[in-house]
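*Asks:* how does the following fold in three dimensions:
(one chain, ligands or ions: 2)
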Amino acid sequence: MTPRKEIPIIDISPYLDPSASPEAKKKVVDEVKSACSQYGFLQIVGHGVPLEAQRGVLKCCKTLFDLPVEQKEKLSLKNSPSRHGYERMKEQVLDKKALADDKEGFYIGKEEEYAKGFRQGPNQWPTLPLASFRAPITDYYNHMLTLARSLLEMLVLGLGHPISVLDSFTQDPVQNLKLLHYPPHTSKDPKQFGAGEHTDFGAITMLLQQPGKEGLQVYYAPDDEWLHVPSVEDRYVVNMGDLVQKWTNGAYRSTVHRVVNAAGDDRYSVPCFYEGNFSAKNPFNPDDQSGETVEEHVRKKFDSSYGLK
Ligand SMILES: O=C(O)CCC(=O)C(=O)O
Ligand SMILES: [Fe+2]
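*Replies:* Ligands and ions are numbered 1, 2, ... in the order given. Take a look at the predicted model:
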């Protein structure tokens, strides 16, 4: 019997350690490259994000989603030109062949003073004490920016590019946290998912799951099977979005995945979507400047999943 496939688990700490040898760093880059080519997904440890920051953001999920629904509705993403804020239960349809997603969510981006456009504007903060929401969220957001930068470096190095190709792409980057709450499923309809089948829209996603609360499934085409991803404290799941697949001509894959809440009770998770500079075209290949910008691509997919325009 062939062993069951699993998403590779990679310790990236040698890459982050200034005193590690070039060989040790290259080994990490090679492992990341191989996971992105075969699965489009990896699990990472040794990532440098403090445990308190991870626990803090998961606690914010409970704090936010426990608020009365009227209070959450006041923060609807539909009120915000930048589309920050609250997604009510069953508001998003990630798979149009399935039922609406059995989840609620809350988007937080970089705090801007005024509305600049899609994904770039002020956040809609709930009325909660600074220390119980905005402060831990902001701290976590900044850790994600640092992690994204390191991951992107490994991705470009894996394809033989110098790190400098990232210079303009990582300038003023758009990045969004999404707090997610999956209640226990009440429907037994086989078309009901917590999150329907989809690929992520942007560049890379860094996903934090509530430890022990499983639900993420990744489609592995060679075996035509869904791989169940474990949920282990201090381990991130990283995946490539559509843009990276397009920019690398498929060398790194953007893989279909979905969520079925297997926890038996509430499940919280926090994906962080790193999109990069919104006017970028192809940071992996400066000669390929055809096609859409990051903003055009992400906006189209986002709007379609919420039935906006
Ligand atoms: O909650 C999860 O485990 C994954 C969520 C996801 O795939 C997404 O929000 O794009
Ligand atoms: Fe996703």
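
*Asks:* after the longest helix seen in the chain comes which helix or strand?
*Replies:* Longest helix in the chain, counting residues (DSSP state H): helix 134-158. Following helix 134-158 in sequence order, the next helix or strand is strand 174-182 (DSSP states H and E).

*Asks:* what about that following strand, average pLDDT?
*Replies:* Strand 174-182 shows a mean pLDDT of 98 in the predicted model.

*Asks:* residue contacts, the residue of the stretch 101-250 of the chain found nearest ligand 1?
*Replies:* The nearest approach of the stretch 101-250 of the chain to ligand 1 comes at Leu216, 3.8 Å away (Cβ to the nearest ligand atom). Placement of C-beta: from N, CA and C, glycine included. Residues near Leu216 by Cβ atoms under 8 Å, 6 or more residues apart in numbering: 207, 209, 228-229, 231, 237, 257-259, 269.

*Asks:* let's go with 10 Å and repeat that
*Replies:* By Cβ atoms under 10 Å, 6 or more residues apart in numbering, the contact list for Leu216 reads 7, 41, 194-195, 207, 209, 226-231, 237, 239, 257-260, 262, 267, 269, 271.

*Asks:* now, which of those residues lie within strands?
*Replies:* 41, 195, 207, 209, 226-228, 237, 239, 257-259, 267, 269, 271 (DSSP state E).

*Asks:* and which of these is nearest Leu64?
*Replies:* Nearest to Leu64 among those is Ser269, at 13.2 Å by Cβ to Cβ.

*Asks:* who are the contact partners of the closest one?
*Replies:* 58, 61, 103, 105, 178-182, 194-195, 207-210, 213, 215-216, 231, 237, 259, 261.

*Asks:* measure it to Ala195 for me?
*Replies:* Distance, Ser269 to Ala195, by Cβ to Cβ, to the nearest Å: 9 Å.

*Asks:* one step back: could you list the buried residues of the longest helix of the chain?
*Replies:* 134, 136-137, 140-141, 143-144, 147-148, 150-158 (16 or more other Cβ atoms under 10 Å).

*Asks:* near ligand 1, from these?
*Replies:* Checked against ligand 1 using Cβ under 6 Å from any ligand atom, these give no members in range.

*Asks:* tell me the bridge partners for Asp11.
*Replies:* Val45 (DSSP bridges).

*Asks:* show me which residues of the protein sit near ligand 1.
*Replies:* 178, 180, 195, 200, 207, 209, 215-216, 257, 259, 269, 271.

*Asks:* mind putting these in a markdown table, distance to Ala280 included?
*Replies:* A markdown table is the format used below for the residues of the chain next to ligand 1 (distance: Cβ to Cβ, whole Å):
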| residue | distance to Ala280 |
| --- | --- |
| Lys178 | 21 |
| Leu180 | 27 |
| Ala195 | 27 |
| Asp200 | 17 |
| Leu207 | 23 |
| Gln209 | 29 |
| Gly215 | 32 |
| Leu216 | 28 |
| His257 | 24 |
| Val259 | 29 |
| Ser269 | 27 |
| Pro271 | 21 |
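
*Asks:* out of those, which is nearest to Leu67?
*Replies:* Out of the residues of the chain next to ligand 1, the member with the shortest distance to Leu67 (by Cβ to Cβ) is Leu180, at 15.1 Å.

*Asks:* below-threshold pLDDT in the stretch 101-250 of the chain: ranges please.
*Replies:* Counting by pLDDT under 70, the stretch 101-250 of the chain shows no low-confidence range.

*Asks:* helix, strand, or coil at Arg299?
*Replies:* helix (DSSP: H, G, I helix; E, B strand; the rest coil).

*Asks:* measure it to Phe201 for me?
*Replies:* 9 Å.

*Asks:* any idea where the helices of the stretch 1-150 of the chain begin and end?
*Replies:* 13-16, 22-38, 51-65, 69-73, 134-158 (DSSP state H, counting those that start in this stretch).

*Asks:* with distance to Lys281 added, can I get these in CSV?
*Replies:* Output for these, formatted as CSV (distance: least, Cβ to Cβ, whole Å):
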stretch, distance to Lys281
helix 13-16, 27
helix 22-38, 20
helix 51-65, 32
helix 69-73, 37
helix 134-158, 15
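
*Asks:* would you mark the buried spots in stretch 249-256?
*Replies:* 251-256.
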